[in-house]
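Asker: sequence first, then the predicted structure, then my questions.
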Amino acid sequence: MVLDLVVIAAAVSGSQVIWLGSNIAALHVPLSGVRDFTIGYWLVTALIAALWMGSLAVSVSRATDIVGSGMAEYKRVITATAQIFGLIAIAMFLLKSELGRGYFLTAVPVGLVLLLTGRWAMRQWLTSRRARGEFLTRVILVGDRAKTEHVVQSLRRDASSGLDLIGALIAGGSEAPLHGGVPVLGDVS
C-alpha cells in the first residue's frame with residue numbers, strides 16, 4: 001500500500017509539475033445555474049491520488065490470495081486505474097471543466113507503468129523470501145490419493161505459491177507418504 005501511494009503521488013504530482021509548473025495553477029469548474037468555482041491544482045492532484053488509491057482498494061488489488069502469484073493482481077490494478085480515470089474524465093466532461101489533457105494523459109500511463117513495475121518488483125522480493133521459507137501459509141491437503149498427489153506435484157513446481165504443505169488427509173487412509181515425502185496425517189472421514 002505504501003508503494004502504491006508513493007508511486008501514485010509521484011505520477012500525479014510529477015505530471016502536474018511537468019505540465020503546469022510549480023506555480024499555483026487553478027482549475028476552473030463552470031456550473032450552469034450555480035456559481036462557478038475554482039480549485040487549486042494541488043488539491044485536484046491530491047483528490048485524484050486519493051481516488052486512485054481508493055479504486056485500488058475497492059478492486060481488492062492487494063488481497064493476500066492474489067498478491068505474489070498469477071495475473072489477477074495486475075489485472076485488478078489495470079482495471080481499477082482504467083475505471084477511476086474513466087470516471088474522472090466523464091465527471092470533467094459533464095462539469096465542462098478543462099482538466100489539462102497533458103496532465104491527465106501523462107499521469108495515467110506513467111502511474112500505471114510505475115504501479116505495475118512496483119508490483120512486479122515486490123513480487124520478485126516476495127518470491128525470493130518464499131524460496132527461503134518465509135511468508136508461507138501452512139496447508140493440509142484433503143482428497144483422494146491420485147488428486148492429492150497431483151496437487152502436491154503442482155505446488156512443488158511452483159515455489160512462488162506461498163503454500164507450505166505440512167500433510168494430507170487421504171480418502172481410504174493409506175499411510176504411505178505422498179510425493180516428496182508429504183506425510184499422510186490420516187483418513188478424510
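Answerer: Sure, I can see it.
Asker: F104 sits in which helix or strand?
Answerer: Taking DSSP states H and E as the definition, F104 sits inside helix 101-131.
Asker: enumerate the positions of the very next helix or strand once past that helix that are buried.
Answerer: Next along the chain after helix 101-131, taking DSSP H and E as the criterion, comes strand 137-143. Counting neighbours by 16 or more other C-beta atoms under 10 Å, one finds that the buried residues in strand 137-143 are V139, L141. Bear in mind the C-beta positions are built from the backbone N, C-alpha and C, glycine included.
Asker: contacts for strand 137-143?
Answerer: With C-beta atoms under 8 Å, 6 or more residues apart in numbering as the contact definition, strand 137-143 has outside contacts at 148, 151-152, 162-171, 178, 182, 185, 188.
Asker: between strand 137-143 and the helix holding F104, find me the angle.
Answerer: 70 degrees (axes from the mean of the first three to the mean of the last three C-alpha atoms, to 10 degrees).
Asker: now for helix 101-131, which elements pack on it?
Answerer: Packing contacts for helix 101-131, counted by 3 or more C-beta pairs under 8 Å, 6 or more residues apart in numbering; DSSP states H and E, involve helix 2-20, helix 41-58, helix 72-94.
Asker: quick revisit: so which of the contacts of strand 137-143 sit within helices?
Answerer: Among these, the ones falling in helices (DSSP state H) are T148, V151, V152.
Asker: most neighbours of all those residues, which one?
Answerer: Among these, T148 has the most neighbours (other C-beta atoms under 10 Å), with 22 neighbours.
Asker: give me the three-state assignment for the residue positioned nearest the centre of the chain.
Answerer: Within the chain, one residue has its C-alpha closest to the average C-alpha position: by C-alpha atoms, centre = their mean, that is S61, at 3.3 Å. The three-state label given to S61 by DSSP: H, G, I helix; E, B strand; the rest coil is coil.
Asker: would you format the ones in helices among the contacts of strand 137-143 as TSV with distance to G54 and pLDDT included?
Answerer: What follows is the ones in helices among the contacts of strand 137-143, written out as TSV (distance: C-beta to C-beta, whole Å; pLDDT from 0 to 100):
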residue	distance to G54	pLDDT
T148	42	84
V151	37	86
V152	40	85
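Asker: of all the residues you listed, which comes closest to W52?
Answerer: Using C-beta to C-beta, V151 comes nearest to W52 of the ones in helices among the contacts of strand 137-143, at 37.8 Å.
Asker: nearest spatial neighbour of the closest one, chain-adjacent residues omitted?
Answerer: Leaving aside its chain neighbours, V151 sits nearest to L141 (5.7 Å; criterion: C-beta to C-beta, 6 or more residues apart in numbering).
Asker: who is that neighbour paired with across the strands?
Answerer: Here L141 shows beta-bridge partners A168, assigned using DSSP bridges.
Asker: so R62 touches L3, yeah?
Answerer: No: counting by C-beta atoms under 8 Å, R62 stays clear of L3, with 10.0 Å between them.
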